[in-house]
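> Here is my input; please provide its structure:
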Amino acid sequence: MRPVAGEDDDNVIVNACESKTYKVAYDTKEREQFWIKGQPYSVKDMLAFDDLSTEFVGGTIYQAFLSALSYHRWHCPVAGTVKKAYVVPGTYYSEPLYENFSSEERKGTNGETTSQEYLSAVATRAIMFIESDNPKIGMIAVIGIGMTEVSTCDITVKEGQHVKKGQELG
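Residues are numbered from 1 along each chain as shown. Prediction:
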């Protein structure tokens, strides 16, 4: 029911879910640490040290926040072939050692939503590697992260499956 931008244009990449842009990083390094609010994380960590993580060196990271009140499905940002798709088990309600969530500054906030970068490397997450039909785009990775009480991730596509832009992934 939701419209898909550039449905027949392989040059257009669409958002994977009903979310708000949180962070964009360019020319990523394999073990580079992206610091936001004093929290480090890297491409290698987010992708669970998968062999394919090296494909993303020099690439772009687009990170978005899916609100608890939003539509909780992921859709394919490009047309392509699913190369790998699996769920990485993670921790639930973990507090980073380098953050102090009991400080005056953090009162009234939830550590789970103020440490999204950290959660991208330790929470339960679905990782889907998709080789775009457009060679200019190449390989993309869609990572669905189970935050707070929404800790489960269900993938509805299979490895080797060709997916259309906008098709449900999980």
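> Can you give me every residue that contacts the most centrally placed residue in the chain?
The residue at the geometric middle of the chain, judged as the C-alpha nearest the mean C-alpha position with C-alpha atoms, centre = their mean, is residue 143 (3.1 Å). By C-beta atoms under 8 Å, 6 or more residues apart in numbering, residue 143 lies in contact with 46, 47, 120, 125, 126, 127, 128. In this view, the C-beta of every residue, glycine as well, is placed from N, C-alpha and C.
> if you set the cut-off to 6 Å instead, what comes out?
125, 127 (C-beta atoms under 6 Å, 6 or more residues apart in numbering).
> And residue 23, by the same measure?
Counting by C-beta under 6 Å, 6+ apart, residue 23 has contacts residue 63.
> and what of residue 165?
For residue 165, the contacting residues are 4, 76, 78, 79, taking C-beta under 6 Å, 6+ apart as the criterion.
> got a pLDDT number for residue 52?
pLDDT for residue 52: 95.
> just the one 5 residues further on next, same as before
What the model reports for residue 57 is a pLDDT of 86.
> If we ignore the residues flanking it in sequence, what's nearest it?
Setting aside the residues directly before and after it, residue 57 is nearest to residue 30 in space (C-beta to C-beta, 6 or more residues apart in numbering), at 5.0 Å.
> The protein: strands as residue ranges?
Ranges of strands within the chain are 20-25, 61-65, 80-88, 125-132, 139-145, 162-163, based on DSSP state E.
> Out of the ones you listed, the one nearest residue 153 is which?
Comparing the strands of the chain by their distance to residue 153 (C-beta to C-beta), the top pick is strand 125-132, with 3.7 Å.
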